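[1] below are the sequence and a predicted model for it; my questions follow.
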Amino acid sequence: MLADSNAQVGYGEATQASMGTIINVFKQYGLDSKDAHFVDIGSGFGKPVFHAAISTKARCYGIELVEPRVEYCLKMVEKLTQEYANESVVLEILKRIEFTRVDAGNVHRYQNRGGVDSTHFYSFNWVMSEDDNRAIVEALNQTTGFQILGWCCNEKTTIEKFGLKGVKLVDRKQARMVGSG
Ligand SMILES: C[S@@+](CC[C@H](N)C(=O)[O-])C[C@H]1O[C@@H](n2cnc3c(N)ncnc32)[C@H](O)[C@@H]1O
């Protein structure tokens, strides 16, 4: 499956508390709006997508390269939809969640199914290959509706290195990680 890809499929994620901190920053920049479209680039087992959907009114979308991880997330949405079939609040949240198997290295512009630009982006991009990070930045540069990006920032992944245009740093948070080695 990965034969034609430069992707690195290692795992790691921010703790729930750290993700909450990041989402709170995003909310200051419009994430708590029905018009917002949040994308987790490399969504893994889906925690940031579920977290964002529960905490905001945004549509929340996970794209992930590894098929079993996407399947896990889709099954989770299905399971919860059945389990909470009589809970309209939960169902409303689940309806705003979407997961798709996509290689971020092949995305040229981030949009929802209606062709409207996605607005809020998160990526635990530290595990991504340099080619993928470059492709993500190129696609973000084409996504004019793009409002905020949260991603790992160190000497390997700094924004400047990949040429993201028209951005300024609005906040910097220390995130605690699990599973990233
Ligand atoms: C470190 S995990 C983070 C998962 C999730 N975002 C979180 O924070 O809980 C990164 C994920 O990115 C995925 N990934 C790596 N390269 C990718 C690519 N080119 N396109 C889509 N997903 C990719 C990996 O398979 C992995 O599941």
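    Perfect, I can see it now.
[2] where does this structure have low pLDDT?
    Counting by pLDDT under 70, the low-confidence segments of the chain come to 1-10, 179-181.
[3] packing partners for the lengthiest helix in the chain?
    Secondary structure of the chain per DSSP state H: the longest helix is helix 67-83. Helix 67-83 sits against strand 59-64, helix 88-95, strand 97-101, with contacts defined as 3 or more C-beta pairs under 8 Å, 6 or more residues apart in numbering; DSSP states H and E. Yep, even glycine has a C-beta here, placed from its N, CA and C like the rest.
[4] what bridges to the residue nearest the centre of the chain?
    Nearest to the mean C-alpha position of the chain, by C-alpha atoms, centre = their mean, lies Asp40 at 0.7 Å. Beta-bridge partners for Asp40, by DSSP bridges, are Gly62, Tyr122.
[5] hmm, it is touching Val49, no?
    Yes - applying C-beta atoms under 8 Å, one finds Asp40 in contact with Val49, separated by 5.1 Å.
[6] show me what counts as buried in stretch 61-75.
    61-66, 69-70, 73-74 (16 or more other C-beta atoms under 10 Å).
[7] of the residues you listed, list those near the ligand.
    Among the buried residues of stretch 61-75, proximity to the ligand is found for 63-66, 69 (C-beta under 6 Å from any ligand atom).
[8] give me the common contacts of Asp40 and Val49.
    60-62 (C-beta atoms under 8 Å, 6 or more residues apart in numbering).
[9] now, which of those residues sits nearest Lys27?
    The shortest approach to Lys27 among the shared contacts of Asp40 and Val49 belongs to Cys60, at 13.0 Å (C-beta to C-beta).
[10] which residues does that closest one contact?
    Applying C-beta under 8 Å, 6+ apart, we find Cys60 in contact with 38, 40, 49-50, 52-53, 96-98.
[11] swap the cut-off to 6 Å and go again
    38, 49, 52-53, 96-97 (C-beta atoms under 6 Å, 6 or more residues apart in numbering).
[12] find the residue closest to it in space, skipping its chain neighbours.
    Ala53 (4.2 Å; C-beta to C-beta, 6 or more residues apart in numbering).
[13] quick revisit: show me the contact partners of the longest helix of the chain.
    The contact list for helix 67-83 (C-beta under 6 Å, 6+ apart) reads 44-46, 64, 94, 97, 99, 101.
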